[in-house]
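> Okay, predicted coordinates and the sequence, questions at the end:
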Amino acid sequence: MLQMRVARVRRIALIGLAGALALSMSACAESKRDDAAGGGGKTGGTLVFGTAAVPKLFDPLFNDEGETDRITRQMYDTLVAFKEGTSEPTPGLAEKWTPSPDGKSWTFDLRKGVKFHDGTPFNATAVCFNFDRWFNMTGAAAQSQMIYYGDVFEGFKKNEGDASGEPVYKNCEVKDENTAVLNLNKYKGAFPAAFGLGSFAMSSPEALKKYDADKVTQSGEAFAYSSYANEHPTGTGAFKFESYDKTAKTVTLVRNDDYWGEKAKLDKIVFKTISDENARKQELRAKTIDGYDLVSPQDYQALKTDGFTVTPRPPFNLLYLGINQKNNPALKDLKVRQALAYALDREALVKTKMPEGATVAKEFQPETLAGYAKDVQEYPHDVNKAKQLLAEAGQSNLTLNFYWPTEVTRPYMPNPQEIASALADNLKQAGITVNLVPRPWNGGYKDDVQKLGKHDLHIIGWNADYADAGNFLGTFFGRAKPEFGFDNPELFSQLSKADGTVDPAAHTAAYEQANRDIMSKYLPAVPILSSPPAYVTASTIKGMVPSPLNNEHFNTVSKG
């Protein structure tokens, strides 16, 4: 067993080296492709890209949603990156990473000569400052907004928010200027890929201190953040922050001429929030924007006919119906939750509302990831079965508050209103009274659902951040969350043990069993579908590489 564990961590360490070679080859191929398409070598200009929701803030530590991540990804770098167009780890700010035989220690060999946007050096001291900042964060408000940190590192020096586990992080050592050693309290299967999470990007220590970055306050249901998060984000990325016009709903980034990697071809990027998908399409046709994400499936062909480039990504996401067991006692009954699952006509939803390539989800991770179990309990559409289970549970007159988000489009949810209405109609056919509650995505819906737990049901989903089952199952059900309103130490322990299993075969088997148990014993939510989201650009836009992680970088993009 020890040999197998050593082999696994050594195999992980080699991923970065192989990824570096693959990235180099990919970059050459990409360059040739762009040259052939007329995009290679072109520099200058401003790209205006339409986004579906306003950014939450610009400190990636406190972010957990895609529209904000799209912006911060251009300004910040992580120790581990992902090969363009894949989920394969590749060197980022760390040229190489080496785990100890037990996987509890990671040595990062850092790039030399890298500077933050404020001119201060990126080095091992900066790396340890960032890790120590996260671990030592104080205050329930701040910790509650560090969702990724809580999911991956499980706890803080002193838990004051949602996280309640023992911390994975132990300490960080500065071995020399260009070598940082991260020490953990236990092996974590999420690494090294999780080091590539946008929330774990490196920020300038000087800027963090100067602009009071750790100040997070809560007033009622609203959270307020520091001037660092709102006005002075400072990373090492290919673009730098210029301004955020809240009235116009535009964020402007400018090229970082001192970038350590491939320097951006564009002078500027303007991210313009246009919440309505039809309005984004109209602006593209009017040439007031150059592209937008999350194209409505019904518009694919028309946009192609009009000469625009529609680029679908590989599906690597999941939409689910969340069930909050806290507010309504009926939802604590497994039979009631199973009745909800049987009531949903997911096949019809996929066929009528989603793009080609969308599939019904049978469990809480994509089939392409190790840990997927082919023999989970399934819940085919069966209204009579749903009514029977409700009757057996004494809940034939059930009433539920169903929250859905406005002012947003998500990769797994091209039209939230249509999806919520279709699912609500399914539930009504089973005799359930449904009160649909629309709430704006940022500053409303996400807080109501994920922080305050006001709902009975909700729709939301997940786009993979890295290729491991734990990024789905652990993120959803690895600890108690207001979103689901249940506390199940047995399930939490099961997922923690799966994540901490070093042997690859045993790691996969542990997640397979977790999937079986989640679908039969627990059913804290109902998986709905996976979908291939697409973005569209004008024909003059070249060099954007579609990512299954929705992790496109704009430094390779040119505008003809």
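Done, it's in. Numbers count the residues shown, from 1 in each chain.

> now this protein, which segments are flagged as low pLDDT?
Across the chain, the ranges flagged by pLDDT under 70 are 1-41.

> 80 instead, please
1-42, 162, 442-443 (pLDDT under 80).

> So what's the residue count around Thr288?
12 (other CB atoms under 10 Å). Quick note: C-beta positions are derived from backbone N, CA and C, even for glycine.

> Same question for the one 3 residues further on.
Using other CB under 10 Å, Gly291 is surrounded by 23 other residues.

> who's the nearest residue to it once chain neighbours are set aside bridged to?
Among residues not flanking Gly291 along the chain, Thr537 sits closest, at 3.6 Å (CB to CB, 6 or more residues apart in numbering). Beta-bridge pairing for Thr537 (DSSP bridges): Gly291, Thr309.

> Quick check, Thr537 in contact with Met544.
Yes: the pair Thr537 and Met544 qualifies as a contact (CB atoms under 8 Å) at a distance of 6.5 Å.

> got any residues that touch both of those two?
291, 311 (CB atoms under 8 Å, 6 or more residues apart in numbering).

> the helices in the stretch 151-300 of the chain, which residues?
205-210, 227-231, 277-285, 300-305 (DSSP state H, counting those that start in this stretch).

> Quick check: which element contains Leu57?
Leu57 is part of no helix or strand when elements are defined by DSSP states H and E.

> So which elements touch the strand or helix carrying Ala142?
Taking DSSP H and E as the definition, Ala142 sits inside helix 140-145. Packed against helix 140-145 by the contact rule (3 or more CB pairs under 8 Å, 6 or more residues apart in numbering; DSSP states H and E) you find strand 217-219.

> Neighbouring strands of the strand it packs on in the sheet, and parallel or not?
Assessed with DSSP bridges, strand 217-219 is paired to strand 222-224 (antiparallel).

> Which of the residues in stretch 274-286 are classified as buried?
274-275, 277, 280-281, 283-284 (16 or more other CB atoms under 10 Å).

> got a list of what the nearest residue to Gly44 once chain neighbours are set aside touches?
Spatially, and ignoring its direct neighbours in sequence, Gly44 is nearest to Asp267 (5.3 Å; CB to CB, 6+ apart). Contact partners of Asp267, counting by CB under 8 Å, 6+ apart, are 43-46, 254-255.

> Pull out the buried residues from the residues you listed.
Using 16+ other CB under 10 Å, the buried ones in the contacts of Asp267 are 254-255.

> could the contacts of Asp267 go into TSV alongside distance to Pro55?
Below are the contacts of Asp267 laid out as TSV (distance: CB to CB, whole Å):
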residue	distance to Pro55
Thr43	26
Gly44	25
Gly45	23
Thr46	18
Val254	17
Arg255	20
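
> Identify, from the contacts of Asp267, the entry nearest to Thr311.
Set against Thr311, the nearest of these by CB to CB is Gly45 (19.9 Å).

> ok so, going back, between the contacts of Asp267, which is nearest Leu423?
Thr46 (40.5 Å).

> how close does the closest one get to Ile541?
Look at Thr46 and Ile541: by CB to CB, to the nearest Å, they are 12 Å apart.

> Can you show me the strands along the stretch 251-400 of the chain?
268-273, 291-293, 309-312, 317-323, 359-360, 399-406 (DSSP state E, counting those that start in this stretch).

> Would you convert those strands into JSON lines that also reports distance to Arg439?
Putting those into JSON lines (distance: least, CB to CB, whole Å) gives the following:
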{"stretch": "strand 268-273", "distance to Arg439": "17"}
{"stretch": "strand 291-293", "distance to Arg439": "22"}
{"stretch": "strand 309-312", "distance to Arg439": "29"}
{"stretch": "strand 317-323", "distance to Arg439": "14"}
{"stretch": "strand 359-360", "distance to Arg439": "27"}
{"stretch": "strand 399-406", "distance to Arg439": "6"}
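
> Compute the number of surrounding residues for Thr399.
12.

> Same question for Glu160.
15.

> Settle this for me: it is touching Gln145, isn't it.
No: counting by CB under 8 Å, Glu160 does not reach Gln145; the two are 12.0 Å apart.

> So for Gly474, which of the helices of the stretch 151-300 of the chain sits nearest?
helix 227-231 (26.2 Å).

> For that closest one, give me every contacting residue.
57-59, 62, 203, 207-208, 210-213, 234, 244.

> again, but for stretch 334-351
Here stretch 334-351 has contacts from 321, 323, 330-331, 358-361, 379-383, 385-387, 389-390, 392-393, 395, 398, 419, 422-423, 426-427, 429-430, 432, 457, 521-524, 526, 528-529, using CB under 8 Å, 6+ apart.

> So how do I select the buried members of those in PyMOL?
To isolate the buried ones among the contacts of stretch 334-351 in PyMOL, judged by 16+ other CB under 10 Å, type:
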select buried, resi 321+323+330+331+358+359+360+361+379+381+382+383+385+386+387+389+390+393+395+398+419+422+423+426+427+430+432+457+522+523+524+526+528+529
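
> In helices, which of the contacts of stretch 334-351 appear?
383, 385-387, 389-390, 392, 419, 422-423, 426-427, 429 (DSSP state H).

> which of these sit farthest apart?
Glu392 and Ile419 (28.6 Å).

> hmm, back to that, mind putting the helices of the stretch 151-300 of the chain in JSON lines, distance to Asn488 included?
What follows is the helices of the stretch 151-300 of the chain, written out as JSON lines (distance: least, CB to CB, whole Å):
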{"stretch": "helix 205-210", "distance to Asn488": "37"}
{"stretch": "helix 227-231", "distance to Asn488": "34"}
{"stretch": "helix 277-285", "distance to Asn488": "38"}
{"stretch": "helix 300-305", "distance to Asn488": "42"}
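
> All set now, cheers.
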